[in-house]
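Chemist: sequence and predicted structure below; questions after.
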2 protein chains.
Amino acid sequence: MPAQALCDFSRLCVHTITTKPWTIEEATERYAAAGVQGVTVWRQWLQRRNIAHVGQALRAAGLSVVSLCRGGFFPAADAAGRRAAIDDNFQAIDEAVQLGAPLIVLVCGAVPGQPLEVSRGQIADGIAAILDRAQQANVKLAIEPLHPMYADSRSAINTLRQANELCDRLDFPQLGAAVDVYHVWWDPELKQQIERAGRSGRIRAFHVCDWRTPTEDLLNDRGLMGEGCIDIRQIRGWVEDAGFAGFIEVEIFSNRYWAMDQGEFLERIKQAYLGHT
Amino acid sequence: MPAQALCDFSRLCVHTITTKPWTIEEATERYAAAGVQGVTVWRQWLQRRNIAHVGQALRAAGLSVVSLCRGGFFPAADAAGRRAAIDDNFQAIDEAVQLGAPLIVLVCGAVPGQPLEVSRGQIADGIAAILDRAQQANVKLAIEPLHPMYADSRSAINTLRQANELCDRLDFPQLGAAVDVYHVWWDPELKQQIERAGRSGRIRAFHVCDWRTPTEDLLNDRGLMGEGCIDIRQIRGWVEDAGFAGFIEVEIFSNRYWAMDQGEFLERIKQAYLGHT
């Protein structure tokens, strides 16, 4: 059964990249004033900042830090590149600790022209290499399967089945999966793979936006919830039936929305959250 | 094992849409002069033509008619729309008979906002409704899974596994699948689903092009073989190991290639066919 409509903002989380024109300080103030309850911080927003102070300011404003975006990007053409990727993930874990983020979302990576099977192996090795550090830091990790249209350069993990299989294989309590409706809505196995992830207590994050018809840009033409063809409420019902009760994270990359007044955009996000999520 | 390089054009087929600026008469003459051996005709190229004469002219020029593109698009919001789709597929079967095409490729369709499960049911019903007519006409049908980025509006059949399952369910000798590397290259199950399709003698067509990084347009930015990240030769090896020995069909939608001299483009296709297919 589809979930019931949301009637308040107690589970609303916004990704800083959704309101890309705002700095972390602006986002902190504006999200809090708008009644947003959670924030997922993209690492770019932490550059030239005292990260611990950013985390304190977010909490002082009443915001929960939901996750840090993003780790991953493990595949590389040579060993030095793969080592650098692991080091960068160690740094992301340090940043998550400083920020007070309980979770890092992993966009796993791909190298154009490198066989997907090779990238998939490097991803497994890369995640394996950071699991102990994540556990010591008490930071959880979520493998986010990306839409197959990103298999060339962003992630060779393209279905929730693959994420589940990787979690089974690495078998580590720190590791789970993120379900982003944009990436997985088309998958005929989605419901069953969500159930499978739920049985292992593995769903760590739930991201929403919508798929516009036509989509005019592969990266930055995501829609506001309700503006496209994804039955977001149905998928929310599936993840909740599978035991997920965390924040609902609005993650929208959109040249058209980034060009408008971000305060007005945030109000539209709130309406779309109540009406179509 | 990847297949060996192709050393002649005996299996080279070109889709008329690949050289979109050419009429069917121009394509007939230019393909034949270039040594292309097969042609897949898109239905738009038959408008205002005597279809039987087109087929005769193609064969007189030494070209094999490989297939007619495309039937399908079964889902619709109402029964009248679904009935019209079936009628259009009957017409496609008639056109295939007139043209002398042994096969129709099915792009199955989707209705934006209609649940994918509903569209998938309508697709199964639509195909079931045309199977007898196809058999009477001695025309085969190939379900072409489309890339998940087309699930909103072009096809709710997005993996070869789905095509195989649909073939199993409808269980009709007339029905098979088309493997287009652009749509399926990312799929972690691709090899096993090709083997499965092969075991049932179900692979009816093999389409090639490449995935460019970055892809700048969801529809019309396909690459020439070798220009992108798809290991086409490996996938060709898989379909050939699975028993497919038919034409290798070059199907490229590309604003950039359609803008260039089509004769020069055809020469580049031939080079890419030998070098990267």
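Modeler: Here it is on my side, so go on. Here the structure is a predicted model, which is why all the values come from computation and not from measurement.
Chemist: for the stretch 151-277 of chain A, give me the ranges with low pLDDT.
Modeler: Across the stretch 151-277 of chain A, nothing is flagged by pLDDT under 70.
Chemist: wait, doesn't residue A:242 sit right on residue A:201?
Modeler: No: between residue A:242 and residue A:201 there is no contact under CB atoms under 8 Å: 9.3 Å. Glycine gets a C-beta too; all of them are placed from N, C-alpha and C.
Chemist: now the helices for the stretch 101-250 of chain A?
Modeler: A:116-137, A:160-170, A:181-184, A:190-199, A:232-241 (DSSP state H, counting those that start in this stretch).
Chemist: buried residues in the second one, which are they?
Modeler: Residues of helix A:160-170 classed as buried: A:160-167 (neighbour count, 16 or more other CB atoms under 10 Å in any protein chain shown).
Chemist: need the residues of the stretch 101-250 of chain A near chain B, please.
Modeler: Within the stretch 101-250 of chain A, the residues that sit near chain B (CB under 8 Å from any CB of the partner chain) are A:112-113, A:115-116, A:120, A:147-149, A:151-153, A:158-159, A:161-162, A:185-188, A:211, A:213-216, A:218, A:228-229, A:231, A:234.
Chemist: hey, where'd the strands end up in the stretch 151-277 of chain A?
Modeler: A:175-180, A:203-208, A:248-250 (DSSP state E, counting those that start in this stretch).
Chemist: the nearest residue to residue A:100 once chain neighbours are set aside: what's it in contact with?
Modeler: In this structure, residue A:100 finds its nearest non-sequential neighbour in residue A:55, 4.1 Å apart by CB to CB, 6 or more residues apart in numbering or on different chains. Contacts here follow CB atoms under 8 Å, 6 or more residues apart in numbering or on different chains; on that basis residue A:55 touches A:65, A:98-101.
Chemist: of all those residues, which two lie farthest apart?
Modeler: A:65 and A:98 (10.7 Å; CB to CB).
Chemist: compare those two (neighbour count), which wins?
Modeler: residue A:65 (20 against 17; other CB atoms under 10 Å in any protein chain shown).
Chemist: the residue nearest to that one when sequence neighbours are not counted and residue A:55, how far apart?
Modeler: Sequence neighbours aside, residue A:101 is the residue nearest to residue A:65 in space, at 4.8 Å (criterion: CB to CB, 6+ apart). Taking CB to CB, to the nearest Å as the measure, residue A:101 and residue A:55 are separated by 8 Å.
Chemist: next: residue A:71.
Modeler: With distances taken as CB to CB, residue A:71 is found 17 Å from residue A:55.
Chemist: go on, residue A:200?
Modeler: With CB to CB as the criterion, residue A:200 and residue A:55 are 29 Å apart.
Chemist: same check, this time on residue A:140
Modeler: 16 Å.
Chemist: just residue A:139 next, same as before
Modeler: Taking CB to CB, one finds residue A:139 at 13 Å from residue A:55.
Chemist: overlap in contacts of the two?
Modeler: residue A:101.
Chemist: what's near enough to touch residue A:134?
Modeler: Contacts of residue A:134 by CB under 8 Å, 6+ apart are A:93, A:104, A:140-141, A:174.
Chemist: spatially nearest residue to it (excluding sequence neighbours)?
Modeler: In space, residue A:134 is closest to residue A:174, 4.8 Å off (CB to CB, 6+ apart).
Chemist: pretty sure residue A:233 is touching residue A:3, no?
Modeler: Yes: counting by CB under 8 Å, residue A:3 is a contact partner of residue A:233 at 5.5 Å.
Chemist: give me the more crowded residue out of those two.
Modeler: residue A:233 (19 against 16).
Chemist: what's the neighbour count on the nearest residue to residue A:248 once chain neighbours are set aside?
Modeler: Leaving out its chain neighbours, the residue that sits closest to residue A:248 by CB to CB, 6+ apart is residue A:11, at 5.0 Å. The tally of other residues near residue A:11 (other CB under 10 Å) stands at 19.
Chemist: so what's residue A:11 up against?
Modeler: So residue A:11 contacts A:37-38, A:246-248 (CB under 8 Å, 6+ apart).
Chemist: which two in those are spaced the farthest apart?
Modeler: Of all pairs in the contacts of residue A:11, the most separated under CB to CB is A:37 and A:246 at 11.2 Å.
Chemist: and the nearest residue to residue A:224 once chain neighbours are set aside, what does it touch?
Modeler: Leaving aside its chain neighbours, residue A:224 sits nearest to residue A:272 (4.6 Å; criterion: CB to CB, 6+ apart). Neighbouring residues of residue A:272 by CB under 8 Å, 6+ apart: A:224-227.
Chemist: swap in 10 Å and give it another go.
Modeler: Neighbouring residues of residue A:272 by CB atoms under 10 Å, 6 or more residues apart in numbering or on different chains: A:208-210, A:223-227, A:232, A:250, A:252.
Chemist: roughly how far apart are it and chain B?
Modeler: 15 Å (CB to the nearest CB, to the nearest Å).
Chemist: and residue A:53, by the same measure?
Modeler: Distance from residue A:53 to chain B, by CB to the nearest CB: 37 Å.
Chemist: distance of that residue relative to residue A:42?
Modeler: 17 Å.
Chemist: with residue A:72 instead?
Modeler: 13 Å.
Chemist: the two: which has the busier surroundings?
Modeler: residue A:72 (28 against 19).
Chemist: OK, contacts around that one?
Modeler: Neighbours of residue A:72 in contact, by CB under 10 Å, 6+ apart: A:85, A:88-89, A:92, A:104-109, A:123, A:126-127, A:130, A:141-144, A:146, A:154-155, A:157.
Chemist: residue A:9 now?
Modeler: By CB under 10 Å, 6+ apart, residue A:9 lies in contact with A:34-38, A:248, A:270, A:273-274.
Chemist: can you list the low-confidence ranges for the stretch 1-150 of chain A?
Modeler: In the stretch 1-150 of chain A (pLDDT under 70), the answer is A:1.
Chemist: list the contacts for the residue nearest to residue A:269 when sequence neighbours are not counted?
Modeler: Ranked by CB to CB, 6+ apart and with sequence neighbours excluded, the top spatial neighbour of residue A:269 is residue A:250, at 5.5 Å. Residues near residue A:250 by CB under 10 Å, 6+ apart: A:12-15, A:18-19, A:36, A:38, A:40, A:207-209, A:224-225, A:266, A:269-270, A:272-273, A:277.
Chemist: if the residue sitting nearest the centre point of chain A is in a bridge, with which residues?
Modeler: Nearest to the geometric centre of chain A sits residue A:105, at 5.3 Å (CA atoms, centre = their mean). Beta-bridge partners for residue A:105, by DSSP bridges, are residue A:69, residue A:142.
Chemist: ok, now how distant is it from residue A:71?
Modeler: In terms of CB to CB, residue A:105 sits 7 Å off from residue A:71.
Chemist: what do these two both touch?
Modeler: A:92, A:141-142.
Chemist: ranking the residues you listed by neighbours, who comes first?
Modeler: Result: residue A:141 is most packed of the shared contacts of residue A:105 and residue A:71 (other CB under 10 Å), 29 neighbours.
Chemist: one step back: any shared contact partners between residue A:101 and residue A:55?
Modeler: Counting by CB under 10 Å, 6+ apart, the residues touching both residue A:101 and residue A:55 are A:41, A:65, A:95.
Chemist: what about residue A:41, helix or strand, and which?
Modeler: Applying DSSP states H and E as the criterion places residue A:41 in strand A:38-42.
Chemist: that strand: how far from the chain's middle?
Modeler: 9 Å (CA atoms, centre = their mean, to the nearest Å).
Chemist: partners of it in the sheet?
Modeler: For strand A:38-42, sheet partners with direction are given as strand A:12-15 (parallel), strand A:64-72 (parallel), following DSSP bridges.
Chemist: that strand vs strand A:203-208, what angle?
Modeler: Inter-element angle recorded for strand A:38-42 and strand A:203-208: 90 degrees (by axes from the mean of the first three to the mean of the last three CA atoms, to 10 degrees).
Chemist: so after strand A:38-42, what's the next helix or strand?
Modeler: Beyond strand A:38-42 on the C-terminal side, the first helix or strand identified by DSSP H and E is helix A:51-60.
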